[in-house]
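Visitor: Have a look; sequence and predicted model below, questions after that.
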Amino acid sequence: MYESLLTDFDIRRIMDSGQVFRIRPLTAADGRDSFLAAAGNRAVLIRQRPEPEGRMRVWFSCTEEEFEDFWKDYFDLDRDYGSIRRSVDPKDSFLSAAVRFGYGIRILRQDLWETIVSFLISQNNNITRIRRSIEALCARYGEPILPDGLAGLSDASRRSDASRLFTASGRSDASGRSDASGRSDTSGCSDVSGLFAFPTPEAIAEGGETGLEGLGLGYRDKYIFRMALRCAGPEGRSWLERLRESSREEAMELLLQEFGIGKKVADCICLFALHHVDAFPVDTHMKQILAACYPEGFPFGRYEGYAGILQQYLFYYKLRCPQLIPSQAGASARK
DNA sequence: GGTCAGGTCCTAT
DNA sequence: ATAGGACCTGAC
């Protein structure tokens, strides 16, 4: 278990920001802020509690070493999001509101292969369905895993350790009580089992062309299968490695050659996996925002090099408060 | 029942 | 080069 006091961090908003599909709430019943974050072939339990001055007390189930080696980087905790927020033009009331509303969002550094597949699935799709498909894909072809910090424990102590993590709060109820509904205090943690790694390219490739049926992928299944063939084996791995070492321009060029990857998906891969934070994916939501709030175009010049981070605040704001977008009567954005 | 989802591909001008 | 239509599927 690793405890930390963070600024500009809110795992719930990160979960809901549309950049990641494998973070889920764990204990909805009692209102505790507990989450399971899966990333590639590992996962971590996270619990958070607000503290004064916008800070967040955060508990990670992993060891300090695992946190330093992996999760710190994954959550982009070395970047100063405060300075990004403060750089927003105060006269831009919409962006200012979006950045306030989305306080705690960060751009993750997600696994490249997982991000490619996830955003192939995302096209012309909705977030509920995207999550379901990815979960089904992991269940079919992914190896079973356990969250960091729980792997070496027996089932019994694993449950109690998870239980301890999710009851270790400032509230004075930390003594494994049963709640009013009669469920034991471990009920919210039991779905730690049934957790799977994201499948390898090889696993999907070996499943054959029909191996992706029944996952709700629709016509996207052929994109994913071909991408699995592309990324499997030594040549596939070196292609992924080359992508990781590429500049923004080179990465876009490589990605756009692939079947099923267009400009928007390529931008998402650049932003959410390769961490090219100047990438600015424009989807149906962003089109509406740009049409309604930035008829003269988004001020990329002012935010040179990190506009993608602001894009994420805008996207989240639009997703959660669609009614706040100034609607131009009769002139709203269409496809 | 239509419409809509974090779009892309294919075809016809 | 650019515009228009097809496309799996299920939640609303």
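Guide: That came through fine. Numbers count the residues shown, from 1 in each chain, chains lettered A, B, ... in the order given.

Visitor: So which bits of stretch A:33-45 are buried?
Guide: For stretch A:33-45, the neighbour count (16 or more other C-beta atoms under 10 Å) marks A:33-40, A:42-45 as buried. To be clear about C-beta, it is placed using only N, CA and C from the backbone, and glycine gets the same treatment.

Visitor: Need the max-distance pair from those.
Guide: A:Asp33 and A:Gly40 (23.7 Å; C-beta to C-beta).

Visitor: Confirm that A:Leu290 sits in a helix.
Guide: Yes. Assessed with DSSP: H, G, I helix; E, B strand; the rest coil, A:Leu290 lies in a helix.

Visitor: I'd like the distance between it and DNA strand B.
Guide: Shown here: A:Leu290 relative to DNA strand B, a distance of 11 Å by C-beta to the nearest atom of the strand, to the nearest Å.

Visitor: what do you get for A:Glu304?
Guide: 19 Å.

Visitor: what about that residue, distance to A:Leu310?
Guide: To A:Leu310, A:Glu304 is 11 Å away according to C-beta to C-beta, to the nearest Å.

Visitor: Kindly report the same for A:Leu195.
Guide: Distance from A:Leu195 to A:Leu310, by C-beta to C-beta: 33 Å.

Visitor: Show me which of these two is the more surrounded one.
Guide: Shown here are A:Leu195 and A:Leu310; by other C-beta atoms under 10 Å, A:Leu310 has more neighbours (25 against 18).

Visitor: Check chain A for the residue nearest DNA strand B and tell me.
Guide: Across chain A, the shortest distance to DNA strand B (C-beta to the nearest atom of the strand) belongs to A:Gly262, at 2.3 Å.

Visitor: which one is that residue nearest to, not counting chain neighbours?
Guide: A:Leu256 (7.2 Å; C-beta to C-beta, 6 or more residues apart in numbering).

Visitor: now A:Tyr303
Guide: Of all residues not flanking A:Tyr303 in the chain, A:Leu310 sits nearest, at 5.7 Å (C-beta to C-beta, 6+ apart).

Visitor: does any bit of the helix or strand that neighbour falls within sit next to DNA strand B?
Guide: Per DSSP states H and E, A:Leu310 falls inside helix A:307-320. Yes. For helix A:307-320, a contact with DNA strand B is found by C-beta under 7 Å from any atom of the strand, at A:311-312, A:315, A:319.

Visitor: Dump that helix to CSV, keeping only the CA atoms.
Guide: Listed in CSV are the C-alpha atoms of helix A:307-320, where the atom choice follows Å, rounded to 0.1, in the frame of the first residue of the first chain:
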residue,chain,number,x,y,z
ALA,A,307,-3.4,22.0,-26.6
GLY,A,308,-4.4,18.3,-26.3
ILE,A,309,-4.5,18.6,-22.5
LEU,A,310,-7.0,21.5,-22.9
GLN,A,311,-8.9,19.4,-25.4
GLN,A,312,-9.4,16.8,-22.6
TYR,A,313,-10.9,19.4,-20.2
LEU,A,314,-13.2,20.6,-23.0
PHE,A,315,-14.3,17.1,-23.9
TYR,A,316,-15.1,16.2,-20.3
TYR,A,317,-17.0,19.4,-19.8
LYS,A,318,-19.1,18.8,-22.9
LEU,A,319,-19.7,15.2,-21.9
ARG,A,320,-20.9,16.0,-18.4
